[in-house]
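Trainee: What would the 3D arrangement of this be:
(2 chains)
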Amino acid sequence: MNGVNISEDLYQILPLIVLWGAACVILMGDVILWKRSRGITAFLSLASCLVAMWLVLQRVVSGDNTSAFHDSILNDPLALITTIALLVTASLSILLAWSYLKNRGMNHGEYYVLLILSVTGAMLMASANDLIILFIGLEILSFSLYILAGFSRNEVKSQESSLKYFLLGAFASAFLLYGIAMIYGGTGSINFDVIAKEIQGATAPNPMLMIGIALLLVGLGFKAAVIPFHQWTPDVYEGAPTSVTAYMAGAAKIGAFAAILRVFNTLMPFHEFWVPAIYIIAVLTMVFGNLLAITQTNVKRMLAYSSIAHAGYLLVAVVSMVTSNVTAHDQAIEGALFYLFAYIFMTIGAFGVLVYLSSHDKDYQTFDDIRGLARRHPLPAYLMMFFMLSLGGIPPTMGFVGKWLIFIAAIHSGQVGLAIVMALVSVAAVYYYLKVVWMMCFEAPTKAPSDIPANGFPALLSVTFCAIATVIFGVLPDLMINITGLIR
Amino acid sequence: MQSYVPFVMFTAIGFAFIFVTLLMARFVRPSAPNPNKQETYECGPVPVGDAWNQFNIHYYLFALLFVVFDVEAAFLYPWAMAFRMFGLYAVVEMIIFVALLGVGLVYAWRREALEWE
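Mentor: Residues are numbered from 1 along each chain as shown, chains lettered A, B, ... in the order given. Below you'll find the model as predicted:
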């Protein structure tokens, strides 16, 4: 610690520093300089996300792959790709929020600042190479999300969602932290490289390490919303303002899965112990996530259960990582990364349509609201149709390609049982996604079509971008596979 | 695992101590029940009202702002003890840290969290 490498270390986390600095400057500017014009706040937040994304892309192009801060931060391709996904999520969410916040009477500059701060937390999770950094990143992400979930201060539901998320989230963090302590006790280190080396030669599993892995799985499983740690998801997703839900569904899941991929890749020598656990969780998540989604009558709740089901598909990729076949191992990670991109475009798009339609006196949420939508507002209805088809995994959309990649990876690594479950529940899932399409296109509206859509151009831009991305990467998946293939 | 044996023993003795003392007290002490013994003891004066009354929500804000200074002091002390070893680097680090806490304070001030309404 003599200050020699400090500039190199800081260079490695430059995107994070840009965002942290931007968050402070924007917060100060918002309360001192441009008090009433949130447009500047939103614009600067978007700009800082784009600058950070440019810095990350530069690093991807240059193939820079070094660790910083005594190996506690690692900017390998896995971290860089998930970071790009996170920054895309943040940018799209800022665009979504722009007019929604104004219409719903919660136009506070803190929204954008908290959003930027939470995305830095998830970025830190993605590039964490040690358990404490992982925990700090998770907490930065979660604290901001707890506040954002309760951002609609006049709605009881939003408050309830925030409180529920906070109490359960704090509980899950405790599990995670206890797991970290146990792993440290079992291996003598918090650094992933050292842990991997430590357990490489071990013959009998160390009980303390086993308890640690189990607790870690609970903590990360909560953030990723997998069954049986999913109970908070529908309530929080429903109660939070829709623009927050869109962001939360994207960022929290990417951060959690970046961490899950890295942690369980590190713990590979112990796979006999943790694979059965994740196997069972994956089956439960896929089956019950989809079955529970069928009975919902609120679009936000339905999408919440659908996001649980998608976490199950991602867990299939995590299980498929465990194989002696190196190609299949890489295929599984690639599939998971591709699926994460597909997931953010379709989920943010689907929530984004609801955000776009909501005006100051009407928050689009229930099936009644979207009944006959194609006749009243054709453009958002048809965009929604794309997202539903993609979420259901119907070609030629990104959702189909993502599912297919994970499916192939599962078969190549010998997880035929999981692949079959995945295929079967995907068929069941199509039912409730197409039900939305059916209601929008073929049913008569239940109420007089008097409502005027909030003409939020930025929100429409964001939703359209998602729709174009789902179709382009669905038709030409190679464009995306070129990026996710960097992990090889 | 060997090194944890003293820890387990310490925990076991700690728990045992509580029950042993309570049990001993039960057998040794005289029993003289009195309704005055059920009262809340507050430095002698007779208690007024209920302990479950509402506090002004503003105290919460002050408590939160107190944390800003509390954290600052907690970190400044070890820093002051060690900063000769790190030199200029440590000074810059601490300036950034204090500035970040300052951002929180300025924010609270400009959002009028310090006004007592």
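Trainee: tell me, how many neighbours does residue 46 end up with?
Mentor: With no chain named, the answer covers chain A. The number of residues packed near A:L46 is 20, by other Cβ atoms under 10 Å in any protein chain shown. Where you see a C-beta, it was placed from the backbone N, CA and C, and this is true even at glycine.
Trainee: Switch to chain B, please.
Mentor: When neighbours are counted by other Cβ under 10 Å, B:V46 registers 7.
Trainee: Repeat that for A:F171.
Mentor: Counted by other Cβ under 10 Å, the residues lying close to A:F171 total 13.
Trainee: helix or strand for it, which one?
Mentor: Secondary structure from DSSP states H and E places A:F171 in helix A:156-187.
Trainee: Which elements pack onto that helix?
Mentor: In terms of contacts (3 or more Cβ pairs under 8 Å, 6 or more residues apart in numbering or on different chains; DSSP states H and E), helix A:156-187 is packed against helix A:131-149, helix A:192-200, helix A:207-224, helix A:232-239.
Trainee: Figure out which of those helices is closest to chain B.
Mentor: helix A:207-224 (7.9 Å; Cβ to the nearest Cβ).
Trainee: Now do the domain split for chain B, please.
Mentor: Per the record, chain B has its domains at B:2-38, B:58-110, by automatic domain parsing.
Trainee: is chain A contacted by the first one?
Mentor: So that's domain B:2-38. No. For domain B:2-38, no contact with chain A is found by Cβ under 8 Å from any Cβ of the partner chain; the gap never falls below 8.5 Å.
Trainee: Now that domain: average pLDDT?
Mentor: Mean pLDDT, domain B:2-38: 90.
Trainee: Next: the last one.
Mentor: Averaging pLDDT along domain B:58-110 yields 86.
Trainee: Same check on stretch A:178-191?
Mentor: In this model, stretch A:178-191 has an average pLDDT of 91.
Trainee: and the residue lying closest to A:I260 once chain neighbours are set aside, how many residues sit next to it?
Mentor: Among residues not flanking A:I260 along the chain, A:L220 sits closest, at 5.3 Å (Cβ to Cβ, 6 or more residues apart in numbering or on different chains). By other Cβ under 10 Å, 25 other residues sit near A:L220.
Trainee: Next, the contact list for A:L220, please.
Mentor: By Cβ atoms under 8 Å, 6 or more residues apart in numbering or on different chains, the contact set of A:L220 is A:L176, A:A256, A:A259, A:I260, A:V263.
Trainee: Turn those into JSON lines, columns for neighbour count.
Mentor: What follows is the contacts of A:L220, written out as JSON lines (neighbours: other Cβ atoms under 10 Å in any protein chain shown):
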{"residue": "A:L176", "neighbour count": "24"}
{"residue": "A:A256", "neighbour count": "24"}
{"residue": "A:A259", "neighbour count": "26"}
{"residue": "A:I260", "neighbour count": "25"}
{"residue": "A:V263", "neighbour count": "22"}
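Trainee: Listing request: residues of chain A with sub-threshold pLDDT.
Mentor: Across chain A, the ranges flagged by pLDDT under 70 are A:1-5, A:36, A:203, A:447-455.
Trainee: run the last query once more with 50
Mentor: By pLDDT under 50, the low-scoring segments of chain A are A:1-3.
Trainee: Would you map the helices across the stretch 1-150 of chain A?
Mentor: For the stretch 1-150 of chain A, the helices defined by DSSP state H, counting those that start in this stretch occupy A:6-12, A:14-32, A:38-62, A:77-103, A:110-126, A:131-149.
Trainee: Check the offset of the longest one from the chain's centre.
Mentor: Okay, so that is helix A:77-103. Here helix A:77-103 is found 10 Å from its chain centre; the criterion is Cα atoms, centre = their mean, to the nearest Å.
Trainee: Check which helices and strands that helix sits against.
Mentor: Helix A:77-103 sits against helix A:38-62, helix A:110-126, helix A:242-266, helix A:326-357, helix A:457-475, helix A:478-484, with contacts defined as 3+ Cβ pairs under 8 Å, 6+ apart.
Trainee: hang on, the earlier thing: redo the helices and strands packed on helix A:156-187 as a markdown table? Include distance to B:W52.
Mentor: A markdown table is the format used below for those (distance: least, Cβ to Cβ, whole Å):
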| stretch | distance to B:W52 |
| --- | --- |
| helix A:131-149 | 27 |
| helix A:192-200 | 49 |
| helix A:207-224 | 33 |
| helix A:232-239 | 29 |
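Trainee: follow-up on the earlier one: buried deepest among the domains of chain B, which one?
Mentor: domain B:58-110 (a mean of 13; mean count of other Cβ atoms under 10 Å in any protein chain shown).
Trainee: Where does chain B get nearest to chain A, which residue?
Mentor: Scanning chain B for the residue nearest chain A gives B:R110, at 3.8 Å (criterion: Cβ to the nearest Cβ).
Trainee: Show me what the helix or strand harbouring A:L389 is in contact with.
Mentor: Remark: A:L389 resides in helix A:378-392, with elements defined by DSSP H and E. For helix A:378-392, the external contacting residues (Cβ under 8 Å, 6+ apart) are A:306, A:310, A:342, A:345-347, A:349-350, A:353, A:356-357, A:370, A:373-374, A:397-400, A:426, A:429-430, A:433-434, A:436-437, A:440-441, A:453, A:460, A:463-464, A:466-467, A:470-471, A:474.
Trainee: for chain B, longest helix please?
Mentor: helix B:58-86 (DSSP state H).
Trainee: Now find how far off-centre the helix or strand that it is followed by is within its chain.
Mentor: Where DSSP H and E defines the elements, the next helix or strand beyond helix B:58-86 is helix B:88-110. Distance of helix B:88-110 from the chain centroid (Cα atoms, centre = their mean) equals 24 Å.
Trainee: got it, and stretch B:72-86?
Mentor: How far stretch B:72-86 lies from its chain's middle: 22 Å, per Cα atoms, centre = their mean.
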